[in-house]
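1. Next one to model:
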Amino acid sequence: MAYGAGLRHSAACTDVAVVDVDMVIVLQIFYHMALLSEMEMNGGIMEPSSSPPVQPEASLEDTLPPNFRTKAQTTTTPSLQVLDFLKHDLAIGRLEDALPYLWMVGRPLPPRPLNKQLVLDRKIIPTTDASLHLVWTSRKIFLKPLPECMMLNALYQDLYVKPSEERGHILGFLHTYIALVPTKLDFDLAVEHKLMPSSYEWMRWKRLVHRFLQEYPNNDIYPHLHTRYVYGELRLSRLNKVYRFRLGHWLHGYSTLTGHTRYVDLLVDHLSVITASTIYIVVVLNAMQVALSTKILATNMAFQRACYGFAVFSIISPIIAFTVLVGILAAMVVANLQRTLNMQQKRFEALGIEPGGKGRQAKRKDITQSA
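-> Have a look, this model is predicted:
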């Protein structure tokens, strides 16, 4: 009897163990199913479950700067109407005048990715001036950071689909960043150089780009772009030539922010050219002197006249070049002084400030005392 009871007890324990194993297997299956569902993202993209949770999207007010400067150089708070804000923020300013000549300045191609800009040994310089966006010069390129409000999904229809006056600028600006940031490496470079906020995530950027390219596939975007954004990178040296010789801004060229900030720097740069030219002239004069010592050219009157003319030129040309350079510097000093005085007068009139130092409050105080 005891032996039979022991067998029944052993069989019961075996059944319990089998049930426990089955439960463990079922729990593991449910765990892996939950893990797979957690890893599944939009578009079939898989991310590990250990990735940080998706942060809630910021509001429009949180993405706007605390203030910005108007054309009248007045500091004010940005409008909560996103189109009004982007109208000022993406304004290309003086570049509007050069639109007919952009074919001389750049190519109608998207800009190269950020990693290739570094391969070309260009330093990425962030700027808030949209007129300098994608303008490049020797070993540097200016890039305006992507406004954070343009990344909000809640504003996608208003910014990129609905017709508006600023739609060409908005579409064009985002299109440049789609070309600049095609890979995770470029995205990390954009965040590193403060072109995108550090809180913005790679997956959000991929979804925004995917949605945008579905809306405007292939080259369908170009008819909707502003003329500026049909062209990608613009060469600063050619922009300066356009502004000096076609538009008449011969002193400062395209932008005062990218030129010489001191007269000494301008003088040194041009003196280096004069010095190099003088060295070449000395080499030619030495060659002529050697040639005149030969029997063939010593009696050649045409060659002697050429040597005489070039010798006179070598004496006069450095003097003329230095005189012209000093004249240009003097003209720049006078023009900048006149420009500063005119700007100060207009600024004081706009602010209600007298050159003597009295402002509106002083005027009101005088009026109150006289009353």
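2. going forward, measure contacts between C-alpha atoms and count neighbours the same way
-> Noted.
3. Can you give me the neighbour number for residue 77?
-> As a burial measure, residue 77 scores 14 neighbours (other C-alpha atoms under 10 Å).
4. Walking through the stretch 51-200 of the chain, point out its helices one by one.
-> 60-63, 82-89, 102-105, 114-119, 156, 167-180, 184-192 (DSSP state H, counting those that start in this stretch).
5. buried stuff in the helix or strand that comes right after the last one?
-> Okay, so that is helix 184-192. Using DSSP states H and E, the next helix or strand after helix 184-192 towards the C-terminus is helix 202-215. Residues of helix 202-215 classed as buried: 205, 206, 208, 209, 212, 213 (neighbour count, 16 or more other C-alpha atoms under 10 Å).
6. now the very next helix or strand once past helix 202-215: how far from the chain's centre is it?
-> With elements assigned by DSSP H and E, the helix or strand that comes after helix 202-215 is helix 227-230. Here the centre of helix 227-230 is set off from its chain's centre by 15 Å, with C-alpha atoms, centre = their mean, to the nearest Å.
7. Likewise for stretch 137-147?
-> 3 Å.
8. What's the mean pLDDT across that stretch?
-> Mean pLDDT, computed over stretch 137-147, is 94.
9. what about that stretch, start to end distance?
-> 24 Å (C-alpha to C-alpha, to the nearest Å).
10. Likewise for stretch 184-200?
-> 13 Å.
11. Numbering from 28 from now on, please.
-> I'll keep to 28 as the first residue from here, and by that count the last item is stretch 211-227.
12. So for that stretch, what gets flagged as buried?
-> 213, 214, 215, 216, 217, 218, 220, 221, 222, 223, 224.
13. which ones are touching the fifth one?
-> Residues in contact with residue 217 (C-alpha atoms under 8 Å, 6 or more residues apart in numbering) are 141, 208, 223.
14. ok, now with 7 Å
-> The neighbours of residue 217, taking C-alpha atoms under 7 Å, 6 or more residues apart in numbering as the test, are residue 223.
15. same thing with residue 137?
-> Shown in contact with residue 137 (C-alpha under 7 Å, 6+ apart): 203, 206, 258, 259.
16. pLDDT weak spots in the protein?
-> 28-85, 97-100, 106, 278, 283-288, 382-398 (pLDDT under 70).
17. tell me the centre residue of it?
-> Geometric centre of the chain, nearest residue: residue 170, 1.1 Å, by C-alpha atoms, centre = their mean.
18. thinking it is in contact with residue 161, fair?
-> Yes: assessed by C-alpha atoms under 7 Å, residue 170 is found in contact with residue 161 at 5.5 Å.
19. Going along the chain, name the helices of the stretch 278-398 of the chain.
-> 290-319, 322-325, 328-378, 387-397.
20. Adding distance to residue 272 and mean neighbour count, write the ones you listed out as JSON lines.
-> Output for the helices of the stretch 278-398 of the chain, formatted as JSON lines (distance: least, C-alpha to C-alpha, whole Å; neighbours: other C-alpha atoms under 10 Å):
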{"stretch": "helix 290-319", "distance to residue 272": "19", "mean neighbour count": "13"}
{"stretch": "helix 322-325", "distance to residue 272": "44", "mean neighbour count": "12"}
{"stretch": "helix 328-378", "distance to residue 272": "16", "mean neighbour count": "13"}
{"stretch": "helix 387-397", "distance to residue 272": "43", "mean neighbour count": "11"}
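21. For the closest residue to the residue nearest to the centre of the chain other than its chain neighbours, give me the backbone phi and psi.
-> Once flanking residues are discounted, residue 170 sits nearest to residue 160: 4.6 Å by C-alpha to C-alpha, 6 or more residues apart in numbering. Note on residue 160: backbone dihedrals following degrees, to the nearest 10 are phi -60, psi 120.
22. Residue 160: what's it in contact with?
-> Contacts of residue 160 (C-alpha under 7 Å, 6+ apart): 169, 170, 171.
23. Quick check: it vs residue 311, distance?
-> The gap separating residue 160 from residue 311 is 45 Å, by C-alpha to C-alpha.
24. what do you get for residue 131?
-> On the measure of C-alpha to C-alpha, residue 131 and residue 311 end up 35 Å apart.
25. Then residue 245?
-> Counting by C-alpha to C-alpha, the gap from residue 245 to residue 311 is 57 Å.
26. same question, residue 258
-> Taking C-alpha to C-alpha, one finds residue 258 at 44 Å from residue 311.
27. Also residue 355?
-> Distance, residue 355 to residue 311, using C-alpha to C-alpha: 29 Å.
28. What of residue 370?
-> Taking C-alpha to C-alpha, one finds residue 370 at 50 Å from residue 311.
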